[in-house]
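**Q** After the sequence you'll find the predicted model.
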Amino acid sequence: MRIDHKLQRIQVDSFEISDELVYRFFISLPENERETALLRAIRIGVLATMEDRFSAFLSKTTDDLGVQLENLKLLFDMKQEIFHKTAIKGVAAENDILEFLETYIDHFHLGDVVLLSRTSKGLLKNNKTGDILAYVGGENSGKKVAIECKFDKSIKLGDVDSLDIASNKYDTAWSQLLETTVNRGANTSIIVFDKTLADASIQRAVDGVTYIDNIGFICIIDYEASDYHNLAIAYNFARKLALRKDGKNIEVDFVNMLIQRLLKDIRDIQNIEMLVKNNIKNNLQILKNIEKSLLSIEFNQQYLMKYLEDGYLSKADLLDFYQREDIRTKYKLISKDIEGIETEEHL
């Protein structure tokens, strides 16, 4: 293992592990997801190792670790549940979503303005629904898209017929979309869920993004992976709906078909990108191996010529031949140059 302080990287050569649990986990994944899963596993392992209570727990259960593994899993699940339920995560997610939308708008020169509105009251009495407000084409355009972020499991999909008049619990994705639109005086709205927290009814009905006629867009993002491409699709459609002037009804099925086509294209691109990145890494490793072999051939030829010319090799020569410090130094320089190519590819 080597630590590159300049690039802030950990380098491990010829890593191999023989563990049935690890093997079964990775063999169950598609090939293009294994590298990402490995990086996540390393990060989680490092975080766990840094956690004193986790380390203390392991040290206490060394002898009966197998029995306690289930307890460990329960502790981890509890910590995750507490984390997902905290208001802090919701606030952080709203800020990150706002930053993403600002970057998206700036990149495509849309001229929209997005602002946090979660702390301000809207048009409905004592109501703050609608965490982010997007002014399409500028603050004076009169066209608005309201965005509600839901990072909890309490919201189901719902529909008009699902309201029980005997119950005060009527919050659903449908109702929240309508409430968001009315409360912020918007043309349409988007409700955003995290894929790890969305209710099963939403997961079944929404494949990334879905448009509900005259209500708005339901969008599922991967917050942990900072993957907001579904939100980009939803926002792009929503702002175009807000800019419509003719007032004609739109074909909901056609909109959803377009959305699904876009989602498929994006997934295909992501798979291709993963394959390209893997090929780049493989080719760079091949290049390293070629350079190493060429250096070794050159080095061996030098000592062969020396032996043929002088008829012998001194003990100092034999030591140099054995240690190969000169070739080692040259290879390190070449290896850094090749790694520089890899760094440029990521920029």
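**A** That came through, no problem. Numbering: from 1, shown residues only.
**Q** quick one, helices of the stretch 101-250 of the chain?
**A** For the stretch 101-250 of the chain, helices defined by DSSP state H, counting those that start in this stretch occupy the ranges 173-183, 200-205, 229-242.
**Q** and the first one, what does it pack onto?
**A** So that's helix 173-183. Counting contacts by 3 or more CB pairs under 8 Å, 6 or more residues apart in numbering; DSSP states H and E, helix 173-183 is packed against strand 144-150, strand 188-194, strand 216-221. Where you see a C-beta, it was placed from the backbone N, CA and C, and this is true even at glycine.
**Q** So which of those strands is nearest residue 334?
**A** Minimum separation from residue 334 across those (CB to CB) falls at strand 216-221, 42.2 Å.
**Q** What sits closest to residue 330 if chain neighbours are left out?
**A** residue 295 (5.7 Å; CB to CB, 6 or more residues apart in numbering).
**Q** What strand or helix carries that neighbour?
**A** helix 252-310 (DSSP states H and E).
**Q** mind listing what's buried in stretch 26-46?
**A** By neighbour count on 16 or more other CB atoms under 10 Å, the buried set for stretch 26-46 is residue 26.
**Q** How far away from the center of its chain is it?
**A** 13 Å (CA atoms, centre = their mean, to the nearest Å).
**Q** and stretch 132-141, what's its mean pLDDT?
**A** Mean pLDDT, stretch 132-141: 91.
**Q** swap that for stretch 322-341, sorry
**A** Here the average pLDDT along stretch 322-341 is 77.
**Q** tell me, how many neighbours does the closest residue to residue 185 other than its chain neighbours end up with?
**A** Using CB to CB, 6+ apart and skipping the chain neighbours, the partner closest in space to residue 185 is residue 123 (5.6 Å). Residue 123 has 10 neighbours, counted by other CB atoms under 10 Å.
**Q** Tell me which residues touch residue 123, please.
**A** By CB atoms under 8 Å, 6 or more residues apart in numbering, the contact list for residue 123 reads 182, 183, 184, 185.
**Q** And the residues you listed, which is closest to residue 112?
**A** Taking the contacts of residue 123 together and measuring to residue 112 by CB to CB, the closest member is residue 184, at 14.7 Å.
**Q** Distance of that closest one relative to residue 123?
**A** 7 Å (CB to CB, to the nearest Å).
**Q** Quick one: mean pLDDT for stretch 188-202?
**A** For stretch 188-202, the per-residue pLDDT averages 89.
**Q** same thing with stretch 298-315?
**A** 78.
**Q** residues of that stretch that come out buried?
**A** residue 299.
**Q** So what's the residue count around the closest residue to residue 266 other than its chain neighbours?
**A** Distances taken as CB to CB, 6+ apart put residue 229 closest to residue 266, at 5.4 Å, once the chain neighbours are dropped. Look at residue 229: counted by other CB under 10 Å, it has 19 neighbours.
**Q** And for the one 3 residues further on?
**A** Burial measure for residue 232: 19 neighbouring residues, criterion other CB under 10 Å.
**Q** Give me the below-cutoff pLDDT ranges for the protein.
**A** Applying pLDDT under 70 to the chain picks out residues 6-8, 46-90, 153, 159-170, 245-250, 341-347.
**Q** middle-most residue in it, spatially?
**A** Centroid check for the chain by CA atoms, centre = their mean gives residue 225 as the closest residue, at 1.9 Å.
**Q** returning to that earlier point: may I see the PyMOL selection of the buried members of the contacts of residue 123?
**A** In PyMOL syntax, the buried subset of the contacts of residue 123 is picked out as below (16+ other CB under 10 Å):
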select buried, resi 182+183+184
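**Q** Which residue of this protein lies farthest from its centroid?
**A** Centroid-distance maximum for the chain: residue 311 at 62.9 Å, with CA atoms, centre = their mean.
**Q** from the contacts of residue 123, which is closest to residue 304?
**A** residue 184 (80.2 Å).
**Q** List the buried residues in stretch 108-125.
**A** Buried-residue list, stretch 108-125, by 16+ other CB under 10 Å: 110, 112, 113, 114, 117, 118, 122.
**Q** Would you format those as TSV with distance to residue 45 included?
**A** Output for the buried residues of stretch 108-125, formatted as TSV (distance: CB to CB, whole Å):
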residue	distance to residue 45
110	41
112	41
113	43
114	37
117	40
118	35
122	45
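**Q** Looking at these, which is nearest residue 300?
**A** Closest to residue 300 out of these is residue 110 (62.0 Å), distances taken as CB to CB.
**Q** Skipping its backbone neighbours, what lies nearest that closest one in space?
**A** residue 239 (7.3 Å).
**Q** State the distance from that neighbour to residue 134.
**A** 7 Å.
**Q** and if you look at residue 211?
**A** Remark: distance between residue 211 and residue 134 (CB to CB) = 17 Å.
**Q** hang on, isn't residue 229 packed against residue 265?
**A** No. Using CB atoms under 8 Å, residue 229 is not in contact with residue 265, being 10.5 Å away.
**Q** Counting neighbours, which bits of stretch 263-274 end up buried?
**A** 263, 266, 274.
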